[in-house]
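**Q** Here you go, sequence then predicted model.
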Amino acid sequence: MKRIILHIDLDAFFAQTEERENPHFRGKPLVVGADPKKGRGVVSTANYKAREFGIRSGMPISQAWKKCPEAVFLPVNMNLYSEASRKVMEIVGSYSSKKEKVSVDEMYLDLSCLKSFKKAEALGKKIKKEIFLKEKLTSTIGIGPNKLVAKIACSQAKPDGLKVVTPSEAKGFLAPLLIKEIPGIGPKTKEKLKVKTIKELRRFSQKELKNLLGKNGNSIYEKARGIDPSPVEGGREAKSVGKEHTFLKDTRNPEIIFKKFNQIVSSLTNELSQRDISFKGITVVCRFSGFETHTKSKILKEGDYEKIGKEARKLLLRFIIENPKPIRLIGLRIKII
Ligand code: TTP
Ligand code: MG
């Protein structure tokens with residue numbers, strides 16, 4: 001059966017929710033993230049007005065401040081965004097039993113049963129309108145023959161847009177786009193490939209990509225041609241809890257580093273034990289001065305919550321031993337079952 005997949009993503013989600021709560025911020029550049037007065041930490045997101053100044057998610061807050069000191073800078077108010085997310089996802093999810101929430105503001109719906117891209121487009125418009133009427137938030141929708149094309153169509157239609165790419169249009173639609181549009185092609189893969197557009201990426205044979213990128217090569221070969229067989233899977237939400245901390249000053253003082261890390265560990269393990277949740281792995285994040293960020297992961301089978309702390313501290317210690325640079329940020333993410 002011909003597949004029809006819809007991808008929806010809210011526009012500048014945290015920032016837009018803040019604008020909704022505080023209408024006097026409308027029209028002004030707005031940045032949600034760390035406190036620029038303290039000068040540490042990063043931008044979570046910026047509204048589209050602030051993006052005109054070059055401000056982006058993940059950028060050091062001090063850099064955002066330099067680019068646009070007159071912007072409104074707000075701290076992250078996760079409770080507010082979680083509640084907005086829950087309501088929006090409830091609306092979107094009510095339109096198909098085949099759904100997959102991929103992040104706080106993103107969801108896929110499998111609309112194959114509609115059997116028509118025209119009907120899917122009409123439903124997409126209806127969903128956008130309903131979210132706007134009920135939640136006063138704008139969103140963007142991409143519709144395509146699979147998750148890959150739907151997601152890229154969505155990113156091309158931002159903000160407040162809707163783009164449909166039919167199966168016969170998919171290859172042509174992808175051709176002129178930059179290879180970084182393909183999920184899974186990050187800066188490191190880009191470096192290895194040394195080509196700009198998806199059309200140029202198609203010059204590589206399957207074998208060449210496998211030699212260059214290892215086991216990822218096959219899937220990149222397919223994605224470059226608009227092929228993505230992955231299903232829309234319910235209940236496969238990114239399941240993890242995490243926390244991080246940016247030090248006021250970069251440090252190599254183990255007392256300071258481990259004191260903070262232990263606080264992170266206890267706060268996360270308390271959360272898990274209160275909700276009686278089992279875990280299956282951990283990832284420790286370490287950002288060194290110069291913004292160089294590394295992660296180390298470990299699969300943890302059965303065990304008590306204390307094991308998380310013990311294993312996480314070992315991973316953190318390895319970072320300190322392996323890299324002589326001062327540390328800017330530490331974090332822990334726990335994969336849950
Ligand atoms: P995104 O959907 O990636 O970004 P966005 O909604 O702000 O903007 P748009 O989709 O219009 O491009 O992420 C959703 C939210 O997740 C975002 O509002 C804030 C949060 N987030 C971070 O905290 N850090 C990040 O690095 C990113 C990318 C997002
Ligand atoms: Mg978004």
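**A** Arrived safely. Ligands and ions are numbered 1, 2, ... in the order given.

**Q** Show me which residues of the protein sit near ligand 1.
**A** Where the chain comes near ligand 1, counting by Cβ under 6 Å from any ligand atom, the residues are 9-14, 44-45, 57-58, 104-105, 158-159. For the C-beta atoms, the positions are set from N, CA and C on the backbone; glycine is no exception.

**Q** Point out where the stretch 1-150 of the chain drops to low pLDDT.
**A** Applying pLDDT under 70 to the stretch 1-150 of the chain flags no residue at all.

**Q** Run me through the strand neighbours of the longest strand along the chain, direction for each.
**A** Ranked by number of residues, the top strand in the chain under DSSP state E is strand 240-251. Taking DSSP bridges as the criterion, strand 240-251 forms sheet pairs with strand 327-336 (antiparallel).

**Q** sorry, back to before: filter the residues of the chain next to ligand 1 down to just the buried residues.
**A** Taking 16 or more other Cβ atoms under 10 Å as the criterion, what is buried in the residues of the chain next to ligand 1 is Asp9, Leu10, Asp11, Ala12, Phe13, Phe14, Ser44, Thr45, Val104, Asp105, Lys158.

**Q** of all those, which comes closest to Lys301?
**A** Lys301 lies nearest to Val104 out of those, by Cβ to Cβ, at 28.7 Å.

**Q** Over in the stretch 51-200 of the chain, which residue gets nearest ligand 1? Let me know.
**A** Residue nearest to ligand 1 within the stretch 51-200 of the chain: Ser57 (3.6 Å; Cβ to the nearest ligand atom).

**Q** Can you give me the buried ones in stretch 245-265?
**A** His245, Thr246, Phe247, Asp250, Thr251, Ile257, Phe258, Lys260, Phe261, Ile264, Val265.

**Q** how distant is it from the center of its chain?
**A** 25 Å (Cα atoms, centre = their mean, to the nearest Å).

**Q** now stretch 140-159
**A** For stretch 140-159 - counting by Cα atoms, centre = their mean - the centre lies 15 Å from the chain centre.

**Q** With stretch 74-81 instead?
**A** 17 Å.

**Q** now for the buried residues of stretch 245-265, which pair is the farthest apart?
**A** That would be Asp250 and Val265, which, of the buried residues of stretch 245-265, are the farthest apart (Cβ to Cβ) at 21.3 Å.

**Q** Tell me how far the most centrally placed residue in the chain lies from Asn22.
**A** For the chain, the residue nearest the mean C-alpha position is Ser103 (6.6 Å; Cα atoms, centre = their mean). Between Ser103 and Asn22 the computed distance is 24 Å (Cβ to Cβ, to the nearest Å).

**Q** mind listing what the residue of the stretch 51-200 of the chain closest to ligand 1 touches?
**A** Contact analysis of Ser57 by Cβ atoms under 8 Å, 6 or more residues apart in numbering lists Val42, Val43, Ser44, Thr45, Ala46.

**Q** how about a cut-off of 6 Å?
**A** Ser57 makes contact with Val43, Thr45, according to Cβ atoms under 6 Å, 6 or more residues apart in numbering.

**Q** what about the helices in the stretch 1-150 of the chain?
**A** Ranges of helices in the stretch 1-150 of the chain, per DSSP state H, counting those that start in this stretch, are 13-21, 48-51, 61-67, 78-93, 117-135, 147-156.

**Q** from the buried residues of stretch 245-265, which is closest to Arg328?
**A** Closest to Arg328, out of all of the buried residues of stretch 245-265 and judged by Cβ to Cβ, is Asp250, at 5.0 Å.

**Q** Neighbours of the residue lying closest to the closest one once chain neighbours are set aside, how many?
**A** The shortest distance from Asp250 to any non-neighbouring residue, by Cβ to Cβ, 6 or more residues apart in numbering, is to Pro326 (3.7 Å). Using other Cβ atoms under 10 Å, Pro326 has 15 other residues around it.

**Q** now do the one 4 residues further on
**A** Ile330 sits with 24 neighbouring residues when counted by other Cβ under 10 Å.

**Q** Ser112 too?
**A** Neighbours of Ser112 under the rule other Cβ under 10 Å: 16.

**Q** what separates the residue in the stretch 151-300 of the chain that ligand 2 sits nearest to from Leu123, distance-wise?
**A** Taking Cβ to the ion, ligand 2 has its nearest neighbour within the stretch 151-300 of the chain at Lys158, 8.0 Å off. As judged by Cβ to Cβ, Lys158 and Leu123 stand 19 Å apart.

**Q** For Pro75, give me phi and psi.
**A** phi -80, psi 160 (degrees, to the nearest 10).

**Q** So which bits of the stretch 51-200 of the chain are right by ligand 2?
**A** Contact residues, the stretch 51-200 of the chain versus ligand 2 (Cβ under 5 Å from the ion): Asp105.

**Q** Now do the contacts for the residue nearest to the centre of the chain.
**A** So Ser103 contacts nothing (Cβ under 6 Å, 6+ apart).

**Q** Report the distance from the longest helix seen in the chain to the chain centre.
**A** Identified as the longest helix of the chain according to DSSP state H is helix 254-274. In terms of Cα atoms, centre = their mean, the centre of helix 254-274 is found 24 Å from the chain centre.

**Q** what angle separates that helix from strand 327-336?
**A** With axes from the mean of the first three to the mean of the last three Cα atoms, to 10 degrees applied, the angle from helix 254-274 to strand 327-336 works out at 20 degrees.
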